[in-house]
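*Asks:* 3D, please:
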Amino acid sequence: MSAQEDRGANDALIGSLLKSISEVIRSLESLQSQTTGSFLETACYFYRVSVVLMEIQTGESSITCPTDVVESLSESIDAAKHLLEMSQESSNGPEPSIEAGFGGVVKQIGETLQSIPEAIIDEEEYIGVVVQTLSNEMQNASIGGDCSKNEIIQKRQTQELVSEQIESDLYPSDPEVSYASYLSESQPDIIPSQSTYVSSSQRTYQSESQPQIQNIPSQSTYVSSSQRKYETQSESQSQISEITDIPSQSTYASSRQRKYGTLSESLSMLPQVTQFMEPPYQAFICPLTKEIMEDPVTTETGVTCERQAVTEWFDGSKDQDEISCPVTGQKLTTTGLSPNLVLKTIIGEWKVRNEAARIKVAHAALSLGGSESMVIDALRDLQMTCEGKEYNKVKVREAGIIQLLDRYLTYRSKDVRYELLQLLKTLAEEDTDEGKEMIVNTMTMSCVIKFLVSSHQSVRHAALVLLLELSKSQHACEKIGNATGAILMLVTSKYNEESDAFASETADQILKNLEKFPHNIKQMAESGLLGPLLIHLAEGSEETQVMMAAYLVEIDIGHEKKINVAEKACPALIRLVQSENMEARRAAFKALAHISLYHPNKQILVEVGIIKIMVEEMFTKRMFSDLMNSRNEAATILANVLESGVEHESFEVNTTGHTLGSDYFVYNIIQMLKNSSPDDLNIDLIRILISLSKSPRAMATIVSVIKETDASFAMIELINNPHEELGVGALKLLIALTPFIGHTLSERLCKTRGQPENLIQCPAEANLITERHAVSAKLLAKLPHQNLTLNLALVSESIVSEILHAIHLIQRSGTRTSRYATDFLEGLVGILVRFTTTLYEPQMMYLAKNHELTSVFADLLMKTSSDEVQRLSATGLEHLSSTTMTLSRPPPQVRNTKFMGSLSMPRSFSLRSSKKKQIETCAIHRGVCSAKATFCLVEANAVTKLLACLQSDKTEVVESALSAICTLLDDKVDVEQSLSMLSGMNAVQLILNAVKEHKKESLLQKAFWMIDKFLIRGGQKYAFGISQDRMLSGMLVSAFHRGDGNTRQMAENILRRLDKMPSFSVYMTEKNNDM
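*Replies:* Numbering: from 1, shown residues only. Coordinates of the predicted model:
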């Protein structure tokens, strides 16, 4: 018999066998509908056997199934028929033994398939894989009863062995948890063969065309068996077409339509991979859509099609009474459709097998890191495989693919990045958070965040969509927030609505999800998004409110937002302060203290009633269960509010009407200060008193309470406190009190251990000057200058030398000084000035002479930028110059001989006597003068410097300079000589200019007094120049009308001397009339 005849006989046997299998399948379906047995599972196995036989017979190669195998299979099918007959004869339905019998038939068929020689199917390698897989499944199938424990163990071991045999040539993934265990543990009710696996609609995968690669076999080489061309139809094939459940169509769907059975060209190039791809069988293809069926149904003519396609065919028929079969054209008597559950289950199982293979192929491609097109195809294939299928996502995680994906985050191709982000988003889309957590724990999230600033919009949007999906997990929220710059970039995207509305909206949704992790809210606030923090502070749980309050202290809020924050946060913080939760109270106090530091918030704080609440916390609230000392925090907040400039006199602090400036409030503050309160509290108490002292009324109350309670000792003792801030605060308070109780403070300061000498501490370098140095010196400068007790306590050669050294150090350092250097200098000069007020004391006189204070002050007039130093120096020169006449002595008597008389020369016009004399005399003071011994301003060259000070824009400096110059016009000196000297220095014009610029009453009095001196002693010599100044005349008239008594009298005298008024003034006439 020829080979062609043998093949024909073989085809006939197979055709008959297929027909028998079809009959058995129908019977099993019918039997399944009547009972709850596993007959449908048996039918599925039979169906798969028929598909394998069809593939063998319709293949392009010359392989044939051995006759003994076909006969063995026929015997098994006959046995199945016999079991069906037995079940029909049973009146009570099929017995368990019948179901067990089917299990035996299935195992027997599995053994028969395994007996097919490998050499016969070598030409169609994929068929060999299918046959081997199906054989193992059938031999290990459990149908018709429970298996024993040993059988279960043996079955699992066999499955693992089979899996190893199948995947041995594939790039292994070594998953930690098997897919079978996942199904058995997490989804015990879901069987891979059920239709639930394929219930969701499948997205057709459309691979992009890639350039043709030379010398590499195309995809068709590996899957050519799936591209059959049925040019002829043998007898067996005609018999196959009669099987209603397996429609025989000669046209297959294109590779684009078979997304489950084909690979892209780049992936098909992987060696020993595509052999595991099981192409779609002809029976899976709908004859109408040419695509794999999702919901196969059978028509009246026995043709199986996709339900939706055939329904649309029926609906589109013009004549509903003449509906025909869409495939055969035969007229149908009914449009009823029968679900083909067996085929649907087979397709579902086939999809599961192929999807698992696709995952392995993609794993191989990503492991190798091939061309860009291969990577893109692998990513797209994985996305298609996992979309809507949780079990495939589990397999991807188990295969270690997510770990492989991490390295592709740095891939430069925007297409790879886009597809990668799309795949990660698909893997994250599941009901549980397991996938999301694995992604954030495995992937480098900082790289994902960088994509938010990508120049490609598609990549930016894909990154945002991925983050949005991940942010649905609380664990992922923490990871995203911890990624460097993540919150900042999202906030930036949110506010960038005009340029990218989608990114703005998506970023906003992500940020809302990230609020699940509290630390993210803090980062949002630091990035400029304060809304979430304020909302959670106002509406969150008490625990959340505590955290938000703590964050308010930690973050740095811009000035432009601080008022808005205060408006929204203060009401919630006040409620926390008044709660009984100690942690909440502590956090609220700190937050309120932080808010109150910004002085523009004062009005908001006052409106929420913070002053009254804080005073209550300090004085009246006593909670024995409160382990927290709220007085400190309340005092801090109150001090901040008062320092902001609140008009405190009108604010009531209790229900009895006491205000902040009342005796009640001040008394309690000072009592707390006296009672050795903690340093931190004392600091705030002093700050409160200093703020109150700015009000004259409150200051009077403070002075009264201090005198009454004798609290000055306690305040002075605080300056010895080592706490820097407390010591500085105490010194500032004493400075404020000095004008009112200065002598008391001076006396008690001298009685305090280590004082007052310890207040003068001069650092080695000017840049080391601290605030404490400055305020210490300023206190000594402000205390009453004529207090001899304090001055004597300060008189020490070392102290004065140290002061002068510090002054020289500051002048020499220039700009390289501390911020407190000027204040320190002013204090030091003030201390020197206080010595000049008690020159009647020999020690003071000796000190002034020995250290040449006249020259020191004269130099300071020009070598400083401080107006206060100029004022003080001029004051010091005034004090020194006022003693010059007392100190100046006539020169010693020269021997009166005719010879000496004959040598004497006429006295020339000079401030000093003739140079030919051995001892010069001062023309102004009429005696021997010097800057050191008599403090003469002329000898110290101080007059020119004092006149220069008259051009200062500071009234105090001008007035002090005038006072010093006035000492040269005293009646005890030679006024004519002084006027002559001052006139030569243009003093008259400088004085007139000062009068025009400054309107202070005391300054005008000094200036008018000097002008009057020029007019009285100088006569017409100065009167003409003075009278020509029209502005001066106006000033004099104004002073005459509006000045006080002394100023008015001086103005009148000058006007009278300038012939601007009659000899007897109206003022004098009225006075005489009154008398």
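*Asks:* only C-alpha atoms from now on, for both contacts and neighbour counts.
*Replies:* Noted.
*Asks:* so how far is residue 731 from residue 10?
*Replies:* Relative to residue 731, residue 10 is positioned 117 Å away (C-alpha to C-alpha, to the nearest Å).
*Asks:* do the same with residue 449
*Replies:* Per C-alpha to C-alpha, residue 449 is found 55 Å from residue 731.
*Asks:* looking at these two now, which is surrounded by more residues?
*Replies:* Higher neighbour count among residue 449 and residue 731: residue 731, with 27 against 22, using other C-alpha atoms under 10 Å.
*Asks:* could you point out the helix or strand that follows the helix or strand containing that one?
*Replies:* Assigned by DSSP states H and E, residue 731 falls within helix 724-750. Sequence order places helix 771-782 as the next helix or strand after helix 724-750, per DSSP H and E.
*Asks:* helices or strands next to that next one in the packing?
*Replies:* Where contact means 3 or more C-alpha pairs under 8 Å, 6 or more residues apart in numbering; DSSP states H and E, helix 771-782 is packed against helix 724-750, helix 821-835.
*Asks:* need the residues that contact the last one.
*Replies:* Going back to what we said before, that points to helix 821-835. With contact meaning C-alpha atoms under 8 Å, 6 or more residues apart in numbering, helix 821-835 is reached by 766-767, 769, 773-782, 785-786, 791, 800, 803, 807, 810, 844, 848, 866, 868-869, 872-873, 875-876.
*Asks:* local confidence estimate at residue 663?
*Replies:* At residue 663 the predicted local distance difference test score is 92.
*Asks:* helix, strand, or coil at the residue nearest to it when sequence neighbours are not counted?
*Replies:* Computed as C-alpha to C-alpha, 6 or more residues apart in numbering, the closest residue to residue 663 that is not its neighbour in sequence is residue 701, at 6.3 Å. Of the three states, residue 701 takes helix under DSSP: H, G, I helix; E, B strand; the rest coil.
*Asks:* ok, which stretches of this structure are strands?
*Replies:* Ranges of strands in the chain, per DSSP state E, are 296-298, 304-306, 338-339.
*Asks:* neighbouring strands - and their directions - for the second one?
*Replies:* For strand 304-306, sheet partners with direction are given as strand 296-298 (antiparallel), following DSSP bridges.
*Asks:* just for the stretch 151-300 of the chain, where's the confidence low?
*Replies:* In the predicted model of the stretch 151-300 of the chain, residues 151-277 satisfy pLDDT under 70.
*Asks:* can you give me the buried ones in the helix holding residue 731?
*Replies:* Residues 725-738, 741-743, 745-746, 748-750 are the ones in helix 724-750 that count as buried (16 or more other C-alpha atoms under 10 Å).
*Asks:* report the separation between residue 458 and residue 717.
*Replies:* Counting by C-alpha to C-alpha - residue 458 and residue 717 are separated by 72 Å.
*Asks:* contacting residues around residue 646?
*Replies:* Contact analysis of residue 646 by C-alpha under 8 Å, 6+ apart lists residue 602.
*Asks:* next, give phi and psi for it.
*Replies:* phi -70, psi 140 (degrees, to the nearest 10).
*Asks:* surely the residue nearest to residue 663 meets residue 665?
*Replies:* No. The criterion here is C-alpha atoms under 8 Å, and residue 701 misses it with residue 665 at 9.9 Å.
*Asks:* what's the burial count for residue 761?
*Replies:* Neighbourhood size, residue 761 [other C-alpha under 10 Å]: 17.
*Asks:* residue 358 too?
*Replies:* 26.
*Asks:* against residue 641, how distant is residue 609?
*Replies:* Following C-alpha to C-alpha, the distance that separates residue 609 from residue 641 is 12 Å.
*Asks:* do the same with residue 117
*Replies:* Counting by C-alpha to C-alpha - residue 117 and residue 641 are separated by 97 Å.
*Asks:* tell me the predicted confidence for the nearest residue to residue 29 once chain neighbours are set aside.
*Replies:* Nearest non-adjacent residue to residue 29, counting by C-alpha to C-alpha, 6+ apart: residue 40, 6.2 Å away. With respect to pLDDT, residue 40 has a value of 77.
*Asks:* next, the contact list for residue 40, please.
*Replies:* So residue 40 contacts 28, 29, 32, 342 (C-alpha under 8 Å, 6+ apart).
*Asks:* highest neighbour count among those residues?
*Replies:* residue 342 (27 neighbours).
*Asks:* count of neighbours near the closest residue to that residue other than its chain neighbours?
*Replies:* Nearest residue to residue 342, sequence neighbours excluded (C-alpha to C-alpha, 6+ apart): residue 44, at 5.5 Å. By the criterion of other C-alpha under 10 Å, residue 44 has 22 neighbours.
*Asks:* I'd like the numbering to begin with 48 instead of 1 from here.
*Replies:* Understood, numbering begins at 48; the last thing we discussed is residue 91.
*Asks:* pretty sure residue 91 sits against residue 391.
*Replies:* No. Contact criterion C-alpha under 8 Å: residue 91 and residue 391 do not qualify, at 9.5 Å.
*Asks:* about what we covered before: okay if I get the helices and strands packed on helix 818-829 as TSV plus mean pLDDT and distance to residue 424?
*Replies:* Shown next, in TSV, are the helices and strands packed on helix 818-829 (pLDDT from 0 to 100; distance: least, C-alpha to C-alpha, whole Å):
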stretch	mean pLDDT	distance to residue 424
helix 771-797	94	70
helix 868-882	95	73
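*Asks:* kindly reformat those helices as a markdown table containing distance to residue 602.
*Replies:* Formatted as a markdown table, those follow (distance: least, C-alpha to C-alpha, whole Å):
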| stretch | distance to residue 602 |
| --- | --- |
| helix 771-797 | 25 |
| helix 868-882 | 33 |
